[in-house]
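Visitor: Have a look at this fold, sequence not included:
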């Protein structure tokens with residue numbers, strides 16, 4: 001009886017110590033078939049010491065046109081949503097939202113200052129990104 005009691009306590013302790021759900025925002029996400037298979041969009045989120053930063057980049061598969069690289073700070077809106085600001089390598093800037101979505105995220109990117117309009121094609125609403133493998 002003592003052995004089964006000890007096993008029960010061990011199982012309960014393990015169950016209590018396991019995370020209930022996604023707690024950290026840190027992760028890498030991608031859509032390798034972005035813009036109908038013509039481009040790739042990658043997103044990295046880093047949560048460290050209470051601060052969250054995002055960086056993302058996009059490029060056409062054949063290398064033509066603009067290939068923006070962007071970064072900026074993010075803030076938690078609620079347990080499933082981040083809001084961020086960004087500046088990209090072409091001096092475009094704006095805001096965005098990231099929402100947890102199953103095993104990935106959904107990102108909306110809104111340019112508010114456009115210095116290079118060729119890059120705007122990569123900035124859209126409700127773009128689903130899967131966790132990078």
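Guide: Yep, it's here. Every value quoted in this text rests on a predicted model; they were computed, and no experiment measured them.
Visitor: Parallel or antiparallel, list what pairs with the helix or strand containing residue 87.
Guide: Per DSSP states H and E, residue 87 falls inside strand 81-88. Looking at strand 81-88 with DSSP bridges, its partner strands are strand 69-78 (antiparallel), strand 93-101 (antiparallel).
Visitor: Could you identify which of these is most buried?
Guide: The highest mean neighbour count among the strands paired with strand 81-88, using mean count of other CB atoms under 10 Å, belongs to strand 93-101: a mean of 18. Every C-beta, even on glycine, is put in place using the N, C-alpha and C of the backbone.
Visitor: now for whichever helix or strand comes after that one, which elements pack on it?
Guide: Following strand 93-101 in sequence order, the next helix or strand is strand 104-113 (DSSP H and E). Packing contacts for strand 104-113, counted by 3 or more CB pairs under 8 Å, 6 or more residues apart in numbering; DSSP states H and E, involve strand 27-33, strand 39-48, strand 93-101, strand 127-131.
Visitor: ok now strand 104-113, how far from the chain's centre?
Guide: Its chain's C-alpha centre and that of strand 104-113 lie 10 Å apart, by CA atoms, centre = their mean, to the nearest Å.
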